[in-house]
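Student: What follows is a protein structure lacking sequence information:
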């Protein structure tokens, strides 16, 4: 399913919680982890490789990350997928999050192949994840939680809210 920027912005605000910053109300870690494991297995199969997964995330709204190795990607750059604890949201990035403003820029720069991107996005949507473009997450955070008090002096954005360490 394709979402408009307005739909995705509404989702970011809808999932926001004034008090819970690391995970949403009713969060089921076992179910979130099982879905992530299915994503890792799917990417392993789709790219005919062994992906690296970081499952040791703590004190964060980020659940885990999985990387398709550079050798399995058409452009020779790794593909990183970050998964949030909130709403099955995921971000696809060439190399690492923050290297490019979004996947369009990475494709234009020759760091991400369109067919590889579609393969990752298909895996995400087939499993019920909602892909969120990085460019929407780098906007200043204007939500409900007191994130600025957790990170005094930092510019707080939506990436920090849903895909970073608190």
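Tutor: That came through fine. The structure displayed is predicted, hence computed values, not measured ones.
Student: mind listing what's buried in the least confident helix or strand in the chain by mean pLDDT?
Tutor: Within the chain, no helix or strand scores below helix 147-150, which has a mean of 72 by mean pLDDT, DSSP states H and E. Of the residues in helix 147-150, residue 147 count as buried by neighbour count, 16 or more other C-beta atoms under 10 Å. Where you see a C-beta, it was placed from the backbone N, CA and C, and this is true even at glycine.
Student: Over to stretch 132-150?
Tutor: Neighbour counts over stretch 132-150 (16+ other C-beta under 10 Å) mark 132-134, 136-138, 141, 143, 145, 147 as buried.
Student: can you list contacts of the least confident helix or strand of the chain?
Tutor: Taking contacts as C-beta atoms under 8 Å, 6 or more residues apart in numbering, the residues outside helix 147-150 that touch it are 21, 141, 154, 156, 160-161, 166.
Student: Identify those among those residues that sit within strands.
Tutor: Counted as lying in strands by DSSP state E, out of the contacts of helix 147-150, is not a single one.
Student: Determine which two of these are furthest apart.
Tutor: 21 and 154 (13.9 Å; C-beta to C-beta).
Student: neighbour-wise, which of these two wins?
Tutor: Taking neighbours as other C-beta atoms under 10 Å, residue 21 and residue 154 compare with residue 21 leading, 21 against 11.
Student: per-residue confidence for that one?
Tutor: We note a pLDDT of 89 for residue 21 in this prediction.
Student: can you tell me the average pLDDT over the longest helix seen in the chain?
Tutor: Counting by DSSP state H, the longest helix found in the chain is helix 29-47. Helix 29-47 carries an average pLDDT of 97.
Student: what distance separates it from the centre of its chain?
Tutor: Mean C-alpha position of helix 29-47 versus that of the full chain (C-alpha atoms, centre = their mean, to the nearest Å) differs by 13 Å.
Student: Now do the buried residues in the helix or strand just after it.
Tutor: Downstream of helix 29-47, the next assigned helix or strand under DSSP states H and E is strand 52-54. Within strand 52-54, the residues scored as buried using 16+ other C-beta under 10 Å are residue 53.
Student: Rounded mean pLDDT for strand 52-54, please.
Tutor: Taken as a whole, strand 52-54 has an average pLDDT of 96.
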